[in-house]
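In: when you get a sec, could you give me coordinates for this:
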Amino acid sequence: MKTKVLTILALALIFAACGSGGSSGPTEPVGPAEFAIEYCRVVEVDGRMRVEWLANRPTTGEFRFGETVFTQLININVMADTHSVGLTGYTFNTSYIYRLTAIDGEGNRLDCAGEFQTPDKATPEPIISQFMIQEITESSAKITWQTDEDASTILYYGVGSVHDSIAMTTPTMDHEVVLDNLTPSTNYALRPEAVDADGLRGIGPDSVFATAARLTLWMPSMQLTLGDTTLVPVNLEAASDLAALQYSITFAEGNVEIVGITAGPFFDDNEGFNFFRNIQNGDNRATNAMTWVIEYNGNDRVGTDADGNGVVAYLQLRGLAPGSAGAAFDADSTFGLDMFAQMRSCSLRTGTITVIP
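Out: Here you go, the predicted structure:
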């Protein structure tokens, strides 16, 4: 069942103000538990050996392994409660010894040691697993995958079908390709491949993804009479799963006064909230920000209410002096965020705002 999530900070204050009324609590102070490693192990996951551990507090780690002495070192610098990190530099059907050193935020260190056995090679060619498409924007995407042995990287891609490729010759088990200069709102096909030292080729799954739509913000050409107030619409096009939008606009000095900003029908009809308005007539500038509720299907984010085109706001302008107001969006302050907090750049257009006598 789909749900909508709106974070209300006031709830924290409400709960903080509610006391139990009857319990005095423990009479002795309770300190943090003694630093301990709940488990550590080396296991095979999707054809890749991984070191995994859990401690009773966030840790980083140093992992050493070798056949009879420690010849390999992997530093894990991410501070987290649980870890699952892929190993490199091992051979198949081999016994290894290992030692994990977990390090908490205060520099305390604990060791966990053991042995592990690598499996026989499942296939002669590299096996591709953990294929992921991440950080999709209007013009780029990051593609990652893993192999069960060191191999070079090849990614075939193209609009609709694969006809271009990117190759990296350095052998690795962790593969990453960043595609850029892509076209917004376009479907791309992908096929990862990996070639090992013997020239054997592993082929990954055929996949597709769509680049994000490029937002368009625009204002029409308008005329307003000297001394009168006119509503000028700010139009939005190509909104798709938009979670937040901010725009800033500046007018030529002395021609108009920014009286106010009101919500447009796109904002109201699409259940926006947190309408922020900042008018600085001393700088002839107005900034406006808004957000939309993110929908969930269970724990999965599935979209927002902000899809389509329409008027997000009206600027209330008063004519102060005859002539062109010279309106312009500030590209550095105008942006959108999708439901995954990925930045969405905006195509910006402004018409001519003219004050007539």
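In: can I see the domain layout of this structure?
Out: Following automatic domain parsing, one finds the domains of the chain at 37-117, 128-210, 215-356.
In: next structured bit after the worst-scoring helix or strand of the chain on mean pLDDT?
Out: Least confident element among the helices and strands of the chain, by mean pLDDT, DSSP states H and E: helix 10-17 (a mean of 28). Next helix or strand after helix 10-17 toward the C-terminus (DSSP states H and E): strand 37-45.
In: helix or strand for Leu348, which one?
Out: strand 346-350.
In: for the protein, longest strand please?
Out: Using DSSP state E, we find that the single longest strand of the chain is strand 229-250.
In: what angle do that one and strand 346-350 make?
Out: Strand 229-250 runs at 130 degrees relative to strand 346-350, counting by axes from the mean of the first three to the mean of the last three Cα atoms, to 10 degrees.
In: counting contacts, what elements does strand 229-250 pack onto?
Out: With contacts taken as 3 or more Cβ pairs under 8 Å, 6 or more residues apart in numbering; DSSP states H and E, strand 229-250 sits against strand 215-219, strand 222-225, strand 285-292, strand 300-304, strand 306-319, strand 328-329, strand 335-338. C-beta coordinates here come from the backbone N, C-alpha and C atoms, glycine included.
In: which ones are touching the residue lying farthest from the centre of the chain?
Out: When distances to the mean C-alpha position of the chain are computed (Cα atoms, centre = their mean), the maximum falls on Pro357, with 49.9 Å. By Cβ atoms under 8 Å, 6 or more residues apart in numbering, the contact list for Pro357 reads Thr225, Leu226, Pro322.
In: what is the nearest of those to Leu315?
Out: Ranked by distance to Leu315 (Cβ to Cβ), those are led by Thr225 at 16.2 Å.
In: so that closest one bridges to which residues?
Out: Taking DSSP bridges as the rule, Thr225 bridges to Ile356.
In: residue contacts, it?
Out: Thr225 neighbours (Cβ under 8 Å, 6+ apart): Gly319, Val355, Ile356, Pro357.
In: among these, which ones are buried?
Out: Gly319, Val355 (16 or more other Cβ atoms under 10 Å).
In: from the contacts of Thr225, which is closest to Thr137?
Out: Val355 (38.9 Å).
In: thought the closest one was touching Thr229?
Out: No - using Cβ atoms under 8 Å as the test, Val355 is too far from Thr229 to be in contact (11.6 Å).
In: just to revisit the earlier point, after the longest strand of the chain, which helix or strand is next? Please name it.
Out: Next element after strand 229-250 (DSSP H and E): strand 256-263.
In: and that next one, which residues are buried?
Out: When burial is assessed from 16+ other Cβ under 10 Å, strand 256-263 yields the following buried residues: Val256, Ile258, Ile261, Ala263.
In: pick out the most distant pair among those.
Out: Spatial extent of those (Cβ to Cβ) is set by the pair Val256 and Ala263 at 20.5 Å.
In: circling back to that earlier point, pipe the domains of the chain into CSV and attach mean pLDDT per row.
Out: Shown next, in CSV, are these (pLDDT from 0 to 100):
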stretch, mean pLDDT
domain 37-117, 93
domain 128-210, 90
domain 215-356, 88
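In: so what strands line up beside the helix or strand that Ala167 is a member of?
Out: Secondary structure from DSSP H and E places Ala167 in strand 164-179. Partner strands and pairing direction for strand 164-179 (DSSP bridges) are strand 141-159 (antiparallel).
In: off-centre distance for the partner strand?
Out: Using Cα atoms, centre = their mean, to the nearest Å, the mean C-alpha position of strand 141-159 is found 20 Å from that of the whole chain.
In: then that strand to CSV, C-alphas only?
Out: What follows is strand 141-159, C-alpha atoms only, in CSV (Å, rounded to 0.1, in the frame of the first residue of the first chain):
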residue,chain,number,x,y,z
ALA,A,141,24.6,8.1,-14.7
LYS,A,142,27.0,5.9,-12.7
ILE,A,143,27.1,2.2,-13.6
THR,A,144,28.8,-0.2,-11.2
TRP,A,145,29.3,-4.0,-11.1
GLN,A,146,31.6,-6.6,-9.6
THR,A,147,33.4,-9.7,-11.1
ASP,A,148,34.6,-12.8,-9.4
GLU,A,149,38.1,-12.2,-10.7
ASP,A,150,40.3,-9.4,-11.9
ALA,A,151,39.1,-8.3,-15.4
SER,A,152,39.1,-5.3,-17.6
THR,A,153,35.9,-3.2,-18.0
ILE,A,154,33.7,-2.7,-21.0
LEU,A,155,30.3,-1.0,-21.0
TYR,A,156,28.3,-0.9,-24.2
TYR,A,157,25.5,1.7,-24.2
GLY,A,158,23.3,3.7,-26.6
VAL,A,159,20.0,5.3,-27.1
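In: that concludes my questions; thank you for your assistance.
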